[in-house]
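A.B. asks: no sequence on hand, only this structure:
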């Protein structure tokens, strides 16, 4: 036992020598020692003791460690490149996410926003992609010719094929059908008939049957009277009203819509002329020489109604009559229609009763009543209806005869009527008695940004000019109204720009209104108490022409009416509304 103890003592390293820097044994000869093997002397060993394996000369600090799959810590930095924390069989140095066992090189991609196969791409060639389709023509619908396999949440891809022509952006489900020989709305039908290609006349196409939704008419003159069928049908010219003319035979209305049609029934792009308002069997009232819509509804777009007449009896709408129905008038010109030698002339240009009327960007100009006992609403007459008129003109309408109420516009027992951005200019009367360029008798009427100027009346008896409120229950708001330079001469003038007969009670609000150059003061109305009422020469751009239809009623840059309107209403440039028809937000639509 003593010999064993002596042998063990011989194997222990001597204690270190404090007189020199500590040195360590380098057992494997690689130049690095191990901290567990200190030496006592100063002449042997190495100073660095960071060798983590002093039995292998290839393991030491600064040894190369470039084998991703080798589990040995060759450079003694405490880590090995081979590590597989998620147990997916791939070293961490090759696994782009060693915390997810579904992520490793060559893994199956799925649509989850993750790079499963570690190729720096996400969801490419995913196993759960589905078939989608690209919208090639940019109309919001995809066709069958551009399939793609993508993840279900991919933006810009459509999952249903609904576009029947993905090369034409005008063709898609719900598109507006036009006269082009195509199934524009992708409903599987081309329900168009071409005149004179498929049918010799417009009426022969109307008579064909319910399969026709659309009648497309080439330019030319068509001498025929049209009677629309009971189903909704669109009759549209290809080249517009200037070159596509329907001329009546002078014995009846040129166009009749009277079988309960809806507002989807449409006449688009025609000039309608040569019609005569005709009375019903045994009747004494004539309706609609140009167009008569009776107990039906219809839409008129880009239609010119001109040169139609009513020769006698009681005339309601020599140009257009809508009786007990609804109508939309868009870009319709009711010009140059006439009533003569008649008992009554109501709405020589247009008559509308008992329904809803929507008028935009239209004209009621140069319609004339001559030698009639009584004329009312020479441009437009509305009776017992609701109506909205926007960006519309009443110019150069005239009356020569005995009595005239409303040479431009007459409203009788109406519901709600609004006029926005409307011009009433150069209308005239030469009669025994005269009552207003604008005449109301009952109803709720709002004027906003309206210009009433240059209207004249000459009466042998009594006259009221301007806005005339007669008989009963008028509720009127006049706002941003320019009423200027209207002249009336009469033996007995009983009213000025705004007059009210004593037979009724009217509630009138006048705000931000220009009253200038009108010769008579008002009777019984304290309108000057209204907020923002002024009297300025308006400063129109040009009113030198003898034809009021050629007047430019925009305001010169120095006009006092600029920014003089209601502060709560803005022009399109964001400034306070100008007074008159070219102010307010609707001025952008002229």
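C.D. replies: Received, thanks. Being a predicted model, the structure only gives us computed values, none of them experimental.
A.B. asks: what sits up against the strand or helix carrying residue 246?
C.D. replies: Assigned by DSSP states H and E, residue 246 belongs to strand 244-247. Residues from elsewhere that reach strand 244-247 (CB atoms under 8 Å, 6 or more residues apart in numbering): 202, 217-224, 226, 237-238, 254-255, 269-274. Just so you know, the C-beta spots here come from the backbone N, C-alpha and C atoms, and that holds for glycine as well.
A.B. asks: again, only this time at 6 Å
C.D. replies: Under the criterion CB atoms under 6 Å, 6 or more residues apart in numbering, residues 219, 221, 222, 223, 237, 254, 269, 270, 271, 272, 273, 274 lie in contact with strand 244-247.
A.B. asks: put the buried members of these into a ChimeraX selection.
C.D. replies: Selection of buried members from the contacts of strand 244-247 for ChimeraX, criterion 16 or more other CB atoms under 10 Å:
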select :222,237,254,269,270,271,272,273,274
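A.B. asks: specify which member of the contacts of strand 244-247 is nearest to residue 551.
C.D. replies: Nearest to residue 551 among the contacts of strand 244-247, counting by CB to CB, is residue 271 at 24.3 Å.
A.B. asks: does the closest one touch residue 304 like I think?
C.D. replies: Yes - counting by CB atoms under 6 Å, residue 271 touches residue 304, with 4.2 Å between them.
A.B. asks: quickly list what's touching both of the two.
C.D. replies: Common neighbours of residue 271 and residue 304 (criterion: CB under 6 Å, 6+ apart): residue 241.
A.B. asks: show me the contacts for residue 243.
C.D. replies: residue 219.
A.B. asks: so how far is residue 331 from it?
C.D. replies: Using CB to CB, to the nearest Å, one gets 16 Å for the distance from residue 243 to residue 331.
A.B. asks: secondary structure class for residue 60?
C.D. replies: coil (DSSP: H, G, I helix; E, B strand; the rest coil).
A.B. asks: how about the contacts made by the nearest residue to it once chain neighbours are set aside?
C.D. replies: In space, and not counting its chain neighbours, residue 60 is closest to residue 32: 4.2 Å by CB to CB, 6 or more residues apart in numbering. Counting by CB under 6 Å, 6+ apart, residue 32 makes contact with 48, 51, 60.
A.B. asks: host element of residue 32?
C.D. replies: For residue 32, there is no helix or strand it lies in under DSSP H and E.
A.B. asks: same thing with residue 374?
C.D. replies: With DSSP H and E as the criterion, the answer for residue 374 is strand 368-376.
A.B. asks: strands paired with that strand, and their directions?
C.D. replies: Each strand paired with strand 368-376, and its direction, by DSSP bridges: strand 338-340 (parallel), strand 344-346 (parallel), strand 398-405 (parallel).
A.B. asks: and it, what's buried?
C.D. replies: Residues of strand 368-376 classed as buried by neighbour count (16+ other CB under 10 Å): 368, 369, 370, 372, 374, 375, 376.
A.B. asks: just give me the least confident of these.
C.D. replies: Least confident by pLDDT among the buried residues of strand 368-376: that is residue 374, with 86.
A.B. asks: doesn't residue 403 make contact with that one?
C.D. replies: Yes - using CB under 6 Å, residue 374 is in contact with residue 403, at 4.8 Å.
A.B. asks: pLDDT score for the residue nearest to residue 549 when sequence neighbours are not counted?
C.D. replies: Excluding the flanking residues, the one nearest residue 549 by CB to CB, 6+ apart is residue 395, at 4.9 Å. Note for residue 395: predicted pLDDT of 97.
A.B. asks: what's the answer for residue 469, then?
C.D. replies: pLDDT recorded at residue 469 is 50.
A.B. asks: same check on residue 359?
C.D. replies: You'll see residue 359 listed with a pLDDT of 98.
A.B. asks: so what's it up against?
C.D. replies: Residues in contact with residue 359 (CB under 6 Å, 6+ apart) are 329, 389, 392.
A.B. asks: give me the three-state assignment for the second one.
C.D. replies: So that's residue 389. Here residue 389 is strand, with the state taken from three-state DSSP.
A.B. asks: name the SS class of the spatially closest residue to it that is not a sequence neighbour, please.
C.D. replies: What sits nearest to residue 389 in space, not counting adjacent residues and going by CB to CB, 6+ apart, is residue 359, at 4.5 Å. Put simply, residue 359 is strand when judged by three-state DSSP.
A.B. asks: for residue 205, same thing?
C.D. replies: The three-state label given to residue 205 by three-state DSSP is helix.
A.B. asks: once you drop chain neighbours, what's closest to it?
C.D. replies: Nearest residue to residue 205 in three dimensions, chain neighbours excluded: residue 199, at 4.1 Å (CB to CB, 6+ apart).
A.B. asks: where does the one you found fall, secondary structure wise?
C.D. replies: Using DSSP H and E, residue 199 falls within no helix or strand.
A.B. asks: gap between it and residue 209?
C.D. replies: Residue 199 is 11 Å from residue 209, where distance means CB to CB.
A.B. asks: wait, what's in contact with the residue nearest to residue 549?
C.D. replies: 365, 425, 426, 548, 549.
A.B. asks: ramachandran angles for the last one?
C.D. replies: Residue 549 adopts backbone torsions of phi -70, psi -20, taken as degrees, to the nearest 10.
A.B. asks: swap in the fourth one?
C.D. replies: In terms of degrees, to the nearest 10, the main-chain angles of residue 548 are phi -60, psi -20.
A.B. asks: I'd say it and residue 428 touch.
C.D. replies: No - here residue 548 does not reach residue 428: they are 9.0 Å apart, not a contact under CB under 6 Å.
A.B. asks: ok, for residue 517, nearest residue in space, not its chain neighbours?
C.D. replies: Counting by CB to CB, 6+ apart, residue 485 is the residue found nearest to residue 517 once chain neighbours are left out, at 4.2 Å.
A.B. asks: what's the local residue count around the one you found?
C.D. replies: 19 (other CB atoms under 10 Å).
A.B. asks: residue 53 too?
C.D. replies: Neighbours of residue 53 using other CB under 10 Å come to 18.
A.B. asks: state the distance from residue 574 to residue 391.
C.D. replies: Applying CB to CB, the value for residue 574 to residue 391 is 20 Å.
A.B. asks: of those two, which one has the most company?
C.D. replies: Shown here are residue 574 and residue 391; by other CB under 10 Å, residue 391 has more neighbours (20 against 6).
A.B. asks: with neighbour numbers in mind, choose between residue 199 and residue 209.
C.D. replies: The neighbour comparison of residue 199 against residue 209 (other CB under 10 Å) goes to residue 199, with 18 against 10.
A.B. asks: now stretch 205-220: buried residues?
C.D. replies: Going by neighbour count (16+ other CB under 10 Å), the buried part of stretch 205-220 is 205, 206, 212, 213, 214, 215, 216, 217.
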